[in-house]
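Chemist: here are the coordinates; sequence isn't available:
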């Protein structure tokens, strides 16, 4: 990926904000389902880690949203081109020419017409002042009785207590209800199994089941993706407690959240560590099998 053909951004803000919020690189990789190399690529603006600038841009926006960073601080404003500057200058010059043309037209108007115009404006102002000063103060605006009765009814209907007092227990219960109804928006899943480096390669020397499938149990809601030896790609959206069997041709490459996944291959449970987001399951060939 050529760095000169990609977008520019302020990568130093990412590491500063991450350290400020006391997140480790491993925490970020686990939360965003990225590899450590991809997180380092985002924080140091490196060329490796992503297949295309588009995938890097998506991962960068997810990283900013997770840390709560304003995107305007990370992405600089676009610099205006020479063409835009020339157009703006030409517009300014055109406006100035219009101003000069208007002034020149005003100079051509005879002076007595201008004097008459200002006199009319002065008479209008005097008329407005005298009209407000000589109004009869005894004049009253008559309001229909029906409107008065309606207003009284409205006042009587709204004559209840303005505020109510709540006990400390009720206030705490209301706060708990608000917190329970508040939902955190899930982070969008970005599958990068084709370009990301593998965190864990797993092979069992004494398999008990064939290598044509694997099992996964999702402990919470998550999205995973996998690709097999024939290049068949599949993405799944799993709910809490979902048990999935995926069939294909090993080796399998899988992108998942290791902290909420139980993975089984060839009859054995795959031991996953905290940062094993990208796993490759290699089949064990029996001695009788041909190479």
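Modeler: Perfect, I can see it now. Since we're looking at a predicted model, the values are computed, not measured.
Chemist: wait, what's in contact with the residue nearest to residue 21 when sequence neighbours are not counted?
Modeler: Counting by C-beta to C-beta, 6 or more residues apart in numbering, residue 21 lies nearest to residue 67, which is 6.5 Å off, once chain neighbours are set aside. Yep, even glycine has a C-beta here, placed from its N, CA and C like the rest. The neighbours of residue 67, taking C-beta atoms under 8 Å, 6 or more residues apart in numbering as the test, are 14, 17-18, 21, 23.
Chemist: List just the nearest of those to residue 121.
Modeler: The closest of those to residue 121 turns out to be residue 17 (C-beta to C-beta; 61.1 Å).
Chemist: Model confidence for residue 53, exactly?
Modeler: Model confidence at residue 53, given as pLDDT, is 88.
Chemist: Can you report how many residues neighbour it?
Modeler: 15 (other C-beta atoms under 10 Å).
Chemist: now swap in residue 224 and tell me
Modeler: 23.
Chemist: same check, this time on residue 207
Modeler: 16.
Chemist: which non-adjacent residue is nearest it?
Modeler: Of all residues beyond its chain neighbours, the one nearest residue 207 is residue 266 (3.6 Å), with distances taken as C-beta to C-beta, 6+ apart.
Chemist: Could you do residue 228 as well?
Modeler: residue 248 (3.5 Å).
Chemist: Correct me if wrong: that neighbour contacts residue 213.
Modeler: Yes: counting by C-beta atoms under 8 Å, residue 248 does reach residue 213; the two are 7.2 Å apart.
Chemist: returning to what we had before: out of the contacts of residue 67, the closest to residue 283 would be?
Modeler: residue 23 (36.9 Å).
Chemist: Quick one: neighbours of the closest one, just the number.
Modeler: So residue 23, with other C-beta under 10 Å, has 14 neighbours.
Chemist: related to what we said a few turns ago, on the pLDDT front, check the residue nearest to residue 228 for me.
Modeler: 95.
Chemist: follow-up on the earlier one: what about the residue nearest to residue 21, distance to residue 19?
Modeler: Remark: distance between residue 67 and residue 19 (C-beta to C-beta, to the nearest Å) = 11 Å.
Chemist: thinking again about what came up before, any idea how far residue 264 is from the residue nearest to residue 228?
Modeler: Taking C-beta to C-beta, one finds residue 248 at 15 Å from residue 264.
Chemist: Those two: which is more packed in?
Modeler: Neighbour count, other C-beta under 10 Å: between residue 248 and residue 264, residue 248 has more, with 19 against 16.
Chemist: show me the contacts for that one.
Modeler: Residues counted as contacts of residue 248 (C-beta under 8 Å, 6+ apart) are 212-213, 226, 228-230, 232.
Chemist: Need phi/psi at it.
Modeler: Backbone geometry at residue 248, expressed as degrees, to the nearest 10, gives phi 180, psi -160.
Chemist: and if you look at the one 4 residues further on?
Modeler: With angles defined as degrees, to the nearest 10, residue 252 sits at phi -100, psi 140.
Chemist: so what's it up against?
Modeler: 214, 226-229, 246, 265, 280-281.
Chemist: List only buried entries from these.
Modeler: Taking 16 or more other C-beta atoms under 10 Å as the criterion, what is buried in the contacts of residue 252 is 214, 226-228, 246, 265, 280-281.
Chemist: neighbours around residue 61, how many?
Modeler: So residue 61, with other C-beta under 10 Å, has 16 neighbours.
Chemist: actually residue 26, not the one I typed
Modeler: 13.
Chemist: Can you point out the buried residues in stretch 33-49?
Modeler: Judged by neighbour count (16+ other C-beta under 10 Å), stretch 33-49 contains these buried residues: 33-43, 45-46, 49.
Chemist: Mind checking the pLDDT average for it?
Modeler: 89.
Chemist: The closest residue to residue 239 other than its chain neighbours: how many residues sit nearby?
Modeler: Excluding its sequence neighbours, the residue lying closest to residue 239 (C-beta to C-beta, 6+ apart) is residue 221, at 5.3 Å. By other C-beta under 10 Å, the residues close to residue 221 number 14.
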